[in-house]
Each structure stands twice: as structure tokens, then as C-alpha cells.
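S.K.: Fold the following and give me the result.
(chains A and B)
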There are 2 protein chains.
Amino acid sequence: MSYYVALDVGGSKVLGALFDAKGKIIATKKVKTFAARGTDFVYQQIKLVIDTLLEGRKKVKGIGVIVPGIVLNHDYVEFCPNVPFDHFPLGMLLREEYAMPVALGNDVSLAVYGEWKSYDRPVDHAVGLFVGTGVGGGLILDRKLYTGQGGGGELGHMVLVAHGAGCGCGNEGCLEAYAGKAGLLRRLKAAQTRGRESLLYDYLKSDGSMITSEAFRTCYEAGDELALELIDQASYYLGLAVANFINMLHPELFIFGGGIMESLHPVMLPRIKQVAKNNAMPALGTNLEFSMSRLGDNAGIVGSFYQIYEMVNHA
Amino acid sequence: MSYYVALDVGGSKVLGALFDAKGKIIATKKVKTFAARGTDFVYQQIKLVIDTLLEGRKKVKGIGVIVPGIVLNHDYVEFCPNVPFDHFPLGMLLREEYAMPVALGNDVSLAVYGEWKSYDRPVDHAVGLFVGTGVGGGLILDRKLYTGQGGGGELGHMVLVAHGAGCGCGNEGCLEAYAGKAGLLRRLKAAQTRGRESLLYDYLKSDGSMITSEAFRTCYEAGDELALELIDQASYYLGLAVANFINMLHPELFIFGGGIMESLHPVMLPRIKQVAKNNAMPALGTNLEFSMSRLGDNAGIVGSFYQIYEMVNHA
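M.R.: Reported below is the predicted structural model:
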């Protein structure tokens, strides 16, 4: 049997897995990214994971890598804010290093692809939204992962409010600014500055730089007014985005994942569906399914495995 | 040689053309729609056009029809606000009537398809926006007309302003509410009610129900403040929509058409490009072309011809 390596290069860790040709994970290896140490260091971390997984195996046919950024031509990292890989020819370097096919992709797009490949029924058109620190996305259109010229699927940066809240991308009014955890954190701290009361402040990291998705759930369940407001607004804008996708792409399936959705889907998903139904064209709002991610943290490497497997086998 | 009939069923006229297999128009026929006379009457008008074009010809292989509404499965008119064809099995009826293949489609989606098929270089991914009374759209993704479950491409109903201006679709804040002529007319009359001065009022139809795209151009060129404001806002929201399409779909070509764009593209297109560039992710905003429609009023029937031709010939 032949084997494939798939890597998920994140801002804090590099997770690698060895897959057999049937998509079963045979071995895994995880190291810290050490993003602050720069491009060369992170590249060595990636090689360390690959070397460990390749050790003693002759029949590895290809390597798939996903990064939290914009990838062009399955090969070139154009933009990658949390890993020091802007304008970095990662695909070419790994291909030369290991003398085998390499396919790069965006982490969330490939996670959506992994979810879709693992789905229990045939689906022609699916939209995935992963709501974590940011909001990433993926599009399955006509049974293929769609990326346009390579970077398509940046669904979190759909502007929904002209001149709206500031987003991490530098623009204003993006979905991510209202629904992602970094956006929620900004709004939370603004409320704190204004002297608004909330239980959420107790859950801020001491330097105020982070809060967990679980903290939002705990405070939401405790009936904290600010938590209710922020999560309702996040759900509202996600619902509006879903309505826009329905009108534009008329898909049959929406897949949700990411920390915020994992923690809060029991309250968010019904609200998202309601807002989507209220805002989509009625003629297009039927025959829709809403599903949570089923593969969890493995979705990305599973999608990455399928991408490199299909590239190698022209499937 | 074999022939094909293509029909554009609009709110005011039914335009039909006989095409040869190379896409050349051999004959045309136009009648009024008489939409107010109801479904049966309009269906008879469609048959009149088809019968005229078929007369004496044995080698007609198929019929393409486009309507200004939502079509499912290339066959069934689900929703059609300006022609009385809501929930109407137009494809099935025509197929039985004429005993040949029939393909239905949305007018603007097929116009974009016609433009794309006629383009002078290969394009993998294109987004079309036709700005007339409303704002219609079409998506060419991976070299195919994309419609999802059938109704995708309603690009004018992307919500860009949560709780924004009322739209003809019943929702609020859609692109169409800011850029389409009906939306401009609503805002114009609201300004009139508020007592704002403008040359535009002189160009309103006596019952206030209509204004031409040319009137906007004339008043814009005369420096009328309200015309400048409305057209600048329309361009702004079109630019924002384009930025969203870039981030989501990363296409290489945008095609613009429709009366408002035909009349005002010299001022609108540069502004649209500027706003798109300011709002798209910089890594995705390169290698983009912006083009005006080249086929004019024929774009829809040309696209409809290609659709039925390809269906018949499995091209």
C-alpha cells in the first residue's frame, strides 16, 4: 500500500499525520510552530514533522500541507498573518526537498473539503464556515473544492456592514469582525472601557489578550447580558452571511465548525437558521441542511490528505 | 445544418431568435409580453414567437428560454415577479408542445454566460453584474455557468447593509436597493419628499413611476448634487459587492451590463474599481479585469442558445 503525509501548520503548532491510501491515519507527530522565530525556523519544524512521519517508509507518494493563509496555485503562500510565510514558495521548497508531489491549501478550505469528503450522502454544493479566532471558509461547488484563482473562500471577509466594525484584516464591517473570537474580544473590551458590567471580564487572560470560547458559553448560560448580546449579534451576522450565500450560490449544505460554534452551536445554530430564512430569497431558502463539523481538529489534515491523494492519482 | 431557437421573455417584450449551429442569428421575432393578461396569455405569446421562428424548418434541435426570475433544474420557473410565471412548469409544457429538448434559465445568468462564451480570451472564473431596473448576476466558475441547486446567481440580493434600504425583494440592505434603477428611484422620490432640489425630478415620468438611465447621466453631467450622490453611492455599493466576490470567489474577470452601467460606466467603473481595491484582501486584488458587456441586448439569447446547444450536443 502507498502512503501520504498531511500537515496542518497553525500559528501555535504543526500537526502532521501519515495516511494510508484509504484515508486512515497510521501515525501522527506534533511540534510547536515557534512562529516568532521566523520563516527558516518554522520551515525546519515542518521538515522535522515530515521526516519523523517518513522515517523508514519507502512508499510515501505525496505531501499535503495546509496553512492559515492565502495559497495560490496549490503551491505558493501569498499571505499568512499568523505564520511567517508571506510570499513564501513553500510548495516548491518541499517538492525539491522530498522529491515528491506536494499540494498546499488554505486550512479552513481543506477542513471543509475533509468534512465534505466524509459526509454521509452525496452533496453537490456546500458552504463551510469555521468560526474560531477568525472566520474561515470553504466552498464545495459542483462537487469540487472551489478556490477561483487560488485564494477564493475567504468567507469571513464578506463585508456585511458598510463602514462597520474594524476587522483584523484591516477592513471594516467584515463578518469576522462580528462573529470571530478576536472581534468579540474587541467589542468586549470596548464595553469594559465604557464601564458596562459583565461576567466575561473575569475570564479574560490577565493581559486581556485572549478569552476562550467556553467562557462565552459559561457567561451566556449564566444569562450575562453582554454575552447574550455579543453571541446574538454574532449569530445574526452569520445568518445574514448564510442568506447571502443562499442567494448567490444556492447550495444544499452549510457546515459549521471552529471553537465558537463548537461551544455555542446549541444557541447559535437555531438563530443562524432563523436569520438566514428571514433574509434569503424565499424561492431559494428551501432544501437546505445545516450541519456541525464531524471531524473536529482532524478535518484539515483529512482534507489535505484527499487533496494530495487526488493530485497524485488524478482522481 | 441544424438550428436552435432562443427566447428572452421579459416583462414588456418576448424576443426570439433562430440560431444556426455556429451561433449566428438567422431570424428574429419580437412581440409584446402583455404580462398583465396572465399566465395563459403570455404562454401563447411565447408560442407565437417560437411558431414564427420554426415555420417551415425541419432541423430545429432545441429551444432555450430565459426569464427574469428563479429557475430550478433548467426547467421550472419557481419565482418570476414581472412575468406571471411563478411556480410554472414552462420547460415541461414547451417540451411536450414541441417534442424537442428545452432549457430554461435566468435572463441575467445566461446573459453573463453569453458574454463569457463570446469573450476574446479563455477565462476560468467570471462574475457578471447587470445593473438595470434591478441588479441581476451570473457566475462562471471553473469554466461553467454556476447555479447551485438551480437558482444561484441572485447577486443583486447580497445584503451589504444590515437593516438598510428597502429592496424590491422585500428584504433590506440588498445591493439592488442601492444600485438598481428602482432603488435609485425610491431614494430620489424620498429626497423630493424632503424638499431637496434636483434636476432629476424633471425627468420623472408624469406618474413618478419611472426614470431613464439616460436621465441620471444627463443630470450627473450637469453636476446635479443629488444625481452625483446617488450614482456615487450606487458605485460604492457595487464596489463593495465586487470586493466581497473577490474575497469569496477570487475570479479573474468582472463583466458589467444593464442600462445604468451602459449609461454611466465612464464615471461608475473607475469608482467601482477603486472601492473594490480598497475593500478586497490585498493578496486577492491583483490580476483582475473589469469589462463592459459587448453583446448588449443580445447577450441573454446568445447565452440561451449556448445552453440549449450544449444540452443537445452534450458539449
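S.K.: Check which residues of stretch A:48-68 are buried.
M.R.: Neighbour-count burial for stretch A:48-68, counted by 16 or more other Cβ atoms under 10 Å in any protein chain shown, picks out A:49-50, A:52-54, A:60-68. All C-beta atoms are positioned from the backbone trio N, CA, C, and that covers glycine.
S.K.: CA-only coordinates of it in CSV, if you can.
M.R.: In CSV, the C-alpha atoms belonging to stretch A:48-68 read as follows (Å, rounded to 0.1, in the frame of the first residue of the first chain):
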residue,chain,number,x,y,z
LEU,A,48,11.0,17.7,11.4
VAL,A,49,7.4,16.6,11.3
ILE,A,50,7.6,15.3,7.8
ASP,A,51,11.0,13.5,8.5
THR,A,52,9.5,11.8,11.5
LEU,A,53,6.5,10.5,9.6
LEU,A,54,8.6,9.4,6.6
GLU,A,55,11.2,7.6,8.7
GLY,A,56,11.8,4.2,7.2
ARG,A,57,8.9,4.3,4.8
LYS,A,58,9.6,3.9,1.1
LYS,A,59,6.1,4.2,-0.3
VAL,A,60,5.1,7.7,0.6
LYS,A,61,3.6,9.2,-2.6
GLY,A,62,3.0,12.8,-1.7
ILE,A,63,2.7,15.6,0.9
GLY,A,64,-0.2,17.8,1.6
VAL,A,65,0.2,21.0,3.7
ILE,A,66,-2.4,23.5,4.9
VAL,A,67,-1.6,26.9,6.3
PRO,A,68,-3.8,29.6,7.8
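S.K.: what's the average pLDDT for that stretch?
M.R.: For stretch A:48-68, the mean pLDDT works out to 94.
S.K.: One more: stretch A:108-117?
M.R.: Per-residue scores along stretch A:108-117 average to 97.
S.K.: For it, which outside residues touch it?
M.R.: A:64, A:66, A:68, A:105, A:123, A:126-128, A:130, A:136-140, A:145, A:147, A:153, A:253, A:255, A:257, A:293-295, A:298-307 (Cβ atoms under 8 Å, 6 or more residues apart in numbering or on different chains).
S.K.: buried subset of those residues?
M.R.: A:64, A:66, A:68, A:105, A:123, A:126-128, A:130, A:136-140, A:145, A:147, A:153, A:253, A:255, A:257, A:293, A:295, A:298-307.
S.K.: Filter the contacts of stretch A:108-117 down to the ones in strands?
M.R.: Members of the contacts of stretch A:108-117 lying in strands (criterion: DSSP state E): A:64, A:66, A:105, A:126-128, A:130, A:136-140, A:145, A:253, A:255, A:257.
S.K.: contacts with chain B among those residues, please.
M.R.: For chain B, the contacts drawn from the ones in strands among the contacts of stretch A:108-117 by Cβ under 8 Å from any Cβ of the partner chain are A:137, A:139.
S.K.: What is the most widely separated pair among the ones in strands among the contacts of stretch A:108-117?
M.R.: Longest distance between any two of the ones in strands among the contacts of stretch A:108-117 is 23.3 Å, between A:64 and A:253; criterion Cβ to Cβ.
S.K.: Next up, the contacts around the one residue in the stretch 51-200 of chain A that gets nearest to chain B.
M.R.: Closest to chain B within the stretch 51-200 of chain A is residue A:148: 3.1 Å, counting by Cβ to the nearest Cβ. The contact partners of residue A:148, taken as Cβ under 8 Å, 6+ apart, are B:124, B:125, B:141, B:249, B:250, B:251, B:252.
S.K.: just those residues now: which is nearest residue B:35?
M.R.: residue B:141 (32.2 Å).
S.K.: tally of neighbours for the closest one?
M.R.: 22 (other Cβ atoms under 10 Å in any protein chain shown).
S.K.: repeat for residue A:45
M.R.: Counted with other Cβ under 10 Å, residue A:45 comes out at 19.
S.K.: that older thread, which of the buried residues of stretch A:48-68 sits closest to residue B:159?
M.R.: The shortest gap between residue B:159 and any of the buried residues of stretch A:48-68 belongs to residue A:68, at 27.4 Å (Cβ to Cβ).
S.K.: For the stretch 101-250 of chain A, just list every one of the helices.
M.R.: Taking DSSP state H, counting those that start in this stretch as the test, the helices found in the stretch 101-250 of chain A are A:107-117, A:175-179, A:181-193, A:213-221, A:225-249.
S.K.: Which residues of the stretch 51-200 of chain A lie near chain B?
M.R.: A:70, A:78-79, A:124-125, A:137, A:139, A:141-142, A:144, A:146-155, A:157-162, A:169, A:171.
S.K.: The same query, at a cut-off of 7 Å, please.
M.R.: A:70, A:78-79, A:125, A:141-142, A:144, A:146-152, A:154-155, A:157-162, A:169, A:171 (Cβ under 7 Å from any Cβ of the partner chain).
S.K.: Return the backbone torsion pair for the residue of the stretch 51-200 of chain A closest to chain B.
M.R.: phi 60, psi -130 (degrees, to the nearest 10).
S.K.: likewise residue A:293?
M.R.: Here residue A:293 shows phi and psi, under degrees, to the nearest 10, equal to phi -50, psi 140.
S.K.: need the contact list for the closest residue to it other than its chain neighbours.
M.R.: Spatially, and ignoring its direct neighbours in sequence, residue A:293 is nearest to residue A:257 (3.2 Å; Cβ to Cβ, 6 or more residues apart in numbering or on different chains). Listed by Cβ atoms under 7 Å, 6 or more residues apart in numbering or on different chains, the contact set of residue A:257 reads A:111, A:130, A:292, A:293, A:299.
S.K.: cool, and residue A:247?
M.R.: A:280, A:281, A:284, B:154, B:157, B:158.
S.K.: tell me the two of those residues that are most distant?
M.R.: A:284 and B:158 (12.6 Å).
S.K.: follow-up on the earlier one: from the contacts of residue A:148, pick the one nearest chain A.
M.R.: residue B:250 (3.1 Å).
S.K.: Pop out the phi and psi values for that closest one.
M.R.: According to degrees, to the nearest 10, residue B:250 has phi 40, psi 60.
S.K.: Burial check on it, number of neighbours?
M.R.: Count around residue B:250 with other Cβ under 10 Å applied: 26.
S.K.: thought it was touching residue B:286?
M.R.: No. If you go by Cβ atoms under 7 Å, residue B:250 and residue B:286 don't touch, sitting 10.3 Å apart.
S.K.: any idea how far the residue nearest the centre of chain A is from residue A:128?
M.R.: Nearest to the mean C-alpha position of chain A, by Cα atoms, centre = their mean, lies residue A:108 at 3.0 Å. From residue A:108 across to residue A:128, the span is 7 Å (Cβ to Cβ, to the nearest Å).
S.K.: Ok, residue A:19 next?
M.R.: 21 Å.
S.K.: now residue A:199
M.R.: Per Cβ to Cβ, residue A:199 is found 31 Å from residue A:128.
S.K.: do the same with residue A:235
M.R.: Residue A:235 is 17 Å from residue A:128, by Cβ to Cβ.
S.K.: Next one, pLDDT for the residue of chain A most remote from its centre please.
M.R.: For chain A, the residue at maximal distance from the C-alpha centroid (Cα atoms, centre = their mean) is residue A:195, at 33.6 Å. Note for residue A:195: predicted pLDDT of 97.
S.K.: Among the contacts of residue A:247, which one lies nearest to residue B:210?
M.R.: Residue B:210 lies nearest to residue B:157 out of the contacts of residue A:247, by Cβ to Cβ, at 21.8 Å.
S.K.: Number of residues surrounding that closest one?
M.R.: Neighbours of residue B:157 (other Cβ under 10 Å): 28.
S.K.: list the contacts for the nearest residue in space to residue A:72 that is not next to it in sequence?
M.R.: Closest residue to residue A:72 apart from its sequence neighbours, by Cβ to Cβ, 6+ apart: residue A:150 at 3.8 Å. Residue A:150 makes contacts with A:71, A:72, A:73, B:250, as judged by Cβ under 7 Å, 6+ apart.
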